[in-house]
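S.K.: What follows is a predicted structure for the sequence shown.
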Amino acid sequence: DRDVTGVQTSALPISWRKEVEGVADDLLDKLSESRPPADLNKGYFEPLIVRAVAVSAGISDGESDRLYQFSNGVLVRVESPGDRVRISKVWHELYEYTGALMSRKLSNPDGRLLSEIFVELKNAGLTADEIVAASGTILAGFYTPYGILSVCAAELLRRPDVVDACQNDPRLWERTVEELMRYKAHFNFFLPRVATEDVTLGDLKIHAGQVLLPSLHAAVTDPTSLADPAEFDTHRGRHRHNIVFGAGPHFCPGAALARQWLQVGVERLFGTLPTIRLAKPYNSLEWQPGSISMPKEVLATWGTDNNGGPHGTRVHCVPRSPL
C-alpha cells in the first residue's frame, strides 16, 4: 500500500488518521458556527497542524503549541547579526526542551511517534546529545505542513472543478495534493549542501567543498524533465516521483505523515463546507515572504441557511470509477 510517489503509507496506524480527522471535524464544527467571512489560517489550518502533531506524537496540545513557537523562532530568515544571536538562543531552548521530553518518553514509552523515534535513535547507538540534536530538528519541522496546507486550500478554492472531481471520487484527493505541492505548495529551496567531489552539471562546474543552495522550485518546474510544468495537471501525479520531500539520504522522514495531514485537511474542509469560497478574489491575496510563501490570511465565506448555519452537511463520498 503505497502512495503515488512510492512512499509506504500503510505503516502509519489508521487510528492516527482517525484522530486527525476528529481534530479536523471539531475545528470545522466550530468554524461553521461562526459568522463568515473567517480566516482559515487561524481558524483551521494552523490549529489543525498543531493538534495533529499532538495526537500523532503523543504530547498534549499545550506541549505542541510550545514546540510550534520554537519552530516559528528557528525556521526564519537570518537577515542581520542580531537575528543569528536570537535564533541561536531559541535553538538552545528547543534542545533543552527536547532533552527533557526525551527523558520522559524513554522512561515512559507510549508507542506514539516521539517514543518510537527516541527508542530507534537510542538503539542505533546515538548518544543523548546526538539524539537531542537530531530530534530537535525533527520537532522544529513538524509544523511546516501548516503553510503548505494554506497554499493548497487557496489554490483549490479557485478550482471548483478539481474539488468537484475529488468529491465524486475521493481517491483523487491523494493525486491532487501531490500536484498542488509540485505546482505551488512547496519550499523554494532545499537546505544547503556541500559538494564532496568535483561535479559537472551541464555547463556548470561544481568543485569539492563548495556550498550549494539547491532550488526546489527550479527542479519542479524544469521543462526538460516535466511536460508543461506551468500547467496544473492532477494526472501527472500517477507517473512521477515528487521531489518536494527531497531524495536519497535527504528524503524527509515525515513525508507520509505530512501527506496524511494535508489530505485530511483539504478533504474535510470541502466535505464539511461544500459551498465554501474565497471572500475576495484570489489575485488580491497578500502573500508573506519566507522559506515557503503563503497567504497572510485566507478569508473564506460559505452559504448559510435561514438559521445562520452552513448549507449542506459533511460529505462522505464513495468512489465511482477506477483511477
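M.R.: Noted; the coordinates are in hand. Residues are numbered from 1 along each chain as shown.

S.K.: Please list the outside residues in contact with the helix or strand harbouring residue 119.
M.R.: Assessed by DSSP states H and E, residue 119 sits inside helix 113-123. Contact partners of helix 113-123, identified using CB atoms under 8 Å, 6 or more residues apart in numbering, comprise 56-59, 101-102, 105-106, 109, 130-131, 134-135, 138, 257. All C-beta spots, glycine's among them, are computed from the backbone N, C-alpha and C.

S.K.: how about the strands of the stretch 201-323 of the chain, start to end?
M.R.: For the stretch 201-323 of the chain, the strands defined by DSSP state E, counting those that start in this stretch occupy 204-206, 211-212, 277-278, 287-288, 294-295, 299-301.

S.K.: right, so these: which one is the most enclosed?
M.R.: Mean neighbour count (mean count of other CB atoms under 10 Å) peaks for strand 294-295 among these, with a mean of 22.

S.K.: Check this protein and tell me which residue is nearest its centre.
M.R.: By CA atoms, centre = their mean, the chain has its centre lying nearest to residue 145, at 1.9 Å.

S.K.: now that residue, nearest residue through space, not along the chain?
M.R.: With sequence-adjacent residues excluded and distances taken as CB to CB, 6 or more residues apart in numbering, residue 145 is closest to residue 258, at 4.8 Å.

S.K.: what pLDDT does the nearest residue to residue 114 once chain neighbours are set aside get?
M.R.: Sequence neighbours aside, residue 57 is the residue nearest to residue 114 in space, at 4.7 Å (criterion: CB to CB, 6+ apart). Per-residue pLDDT puts residue 57 at 90.

S.K.: my guess is residue 57 meets residue 142, correct?
M.R.: Yes - using CB atoms under 8 Å, residue 57 makes contact with residue 142 at a distance of 7.2 Å.

S.K.: from the contacts of helix 113-123, which is closest to residue 73?
M.R.: Residue 73 has its nearest neighbour among those in residue 138, at 16.0 Å by CB to CB.

S.K.: Any figure for the gap between residue 27 and residue 266?
M.R.: For residue 27, the distance to residue 266 equals 13 Å [CB to CB, to the nearest Å].

S.K.: between these two, what contacts are shared?
M.R.: Jointly contacting residue 27 and residue 266 under the rule CB under 8 Å, 6+ apart is no residue at all.

S.K.: Which residues belonging to the helix holding residue 119 are considered buried?
M.R.: Of the residues in helix 113-123, 113-115, 117-118, 121 count as buried by neighbour count, 16 or more other CB atoms under 10 Å.

S.K.: closest to residue 155 among those residues?
M.R.: When the buried residues of helix 113-123 are compared for distance to residue 155 (CB to CB), residue 113 wins out at 28.6 Å.

S.K.: centre of the chain versus the lowest-mean-pLDDT helix or strand in the chain, how much separation?
M.R.: The weakest-scoring helix or strand in the chain, judged by mean pLDDT, DSSP states H and E, is helix 216-220 (a mean of 87). Centroid displacement of helix 216-220 relative to its chain, using CA atoms, centre = their mean, to the nearest Å, is 17 Å.

S.K.: Could I get the contacting residues of the residue nearest to residue 210 when sequence neighbours are not counted?
M.R.: Spatial nearest neighbour of residue 210, excluding adjacent residues (CB to CB, 6+ apart): residue 195 at 4.9 Å. The contact partners of residue 195, taken as CB under 8 Å, 6+ apart, are 206-210, 212.
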